[in-house]
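>>> Pasted the sequence and its predicted model underneath.
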Amino acid sequence: MRFLTVLILASLALTNLSACSNTADGFGRDMEKAGEKIQKTF
């Protein structure tokens, strides 16, 4: 179950990353959001 959750969150992070991939600032924001979602999950 945990593996599935991490897989889903990773795919969401990659989707968000592709939307803001033009800037380093956008990349940082996307990684921060993904990290927060992972922390809330565990």
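Thanks, I have it.
>>> Please name every helix or strand in contact with the one helix or strand residue 32 maps to.
Residue 32 belongs to helix 24-41 when elements are defined using DSSP states H and E. With contacts taken as 3 or more CB pairs under 8 Å, 6 or more residues apart in numbering; DSSP states H and E, helix 24-41 sits against helix 2-19. No exception for glycine: its C-beta is placed from N, CA and C like everyone else's.
>>> Can you tell me which helices and strands the helix it packs on packs against?
Partner elements for helix 2-19 (3+ CB pairs under 8 Å, 6+ apart): helix 24-41.
>>> Mean confidence (pLDDT) on the helix it packs on, please.
Mean per-residue pLDDT for helix 24-41: 80.
>>> quick one, that helix and helix 2-19 angle?
160 degrees (axes from the mean of the first three to the mean of the last three CA atoms, to 10 degrees).
>>> re the thing from before, CA-only coordinates of the helix holding residue 32 in PDB, if you can.
Extracted in PDB, the C-alpha atoms of helix 24-41 (Å, rounded to 0.1, in the frame of the first residue of the first chain):
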ATOM      1  CA  ALA A  24      14.500  26.700 -11.400                       C
ATOM      2  CA  ASP A  25      12.100  28.500  -9.100                       C
ATOM      3  CA  GLY A  26       9.200  26.500 -10.500                       C
ATOM      4  CA  PHE A  27      11.200  23.300 -10.000                       C
ATOM      5  CA  GLY A  28      11.900  24.200  -6.400                       C
ATOM      6  CA  ARG A  29       8.200  24.900  -5.700                       C
ATOM      7  CA  ASP A  30       7.100  21.600  -7.300                       C
ATOM      8  CA  MET A  31       9.600  19.600  -5.200                       C
ATOM      9  CA  GLU A  32       8.500  21.500  -2.000                       C
ATOM     10  CA  LYS A  33       4.800  20.600  -2.700                       C
ATOM     11  CA  ALA A  34       5.700  17.000  -3.400                       C
ATOM     12  CA  GLY A  35       7.700  16.800  -0.200                       C
ATOM     13  CA  GLU A  36       4.900  18.300   1.900                       C
ATOM     14  CA  LYS A  37       2.400  15.700   0.400                       C
ATOM     15  CA  ILE A  38       4.700  12.900   1.200                       C
ATOM     16  CA  GLN A  39       5.200  14.200   4.800                       C
ATOM     17  CA  LYS A  40       1.400  14.400   5.300                       C
ATOM     18  CA  THR A  41       1.000  10.900   4.000                       C
END
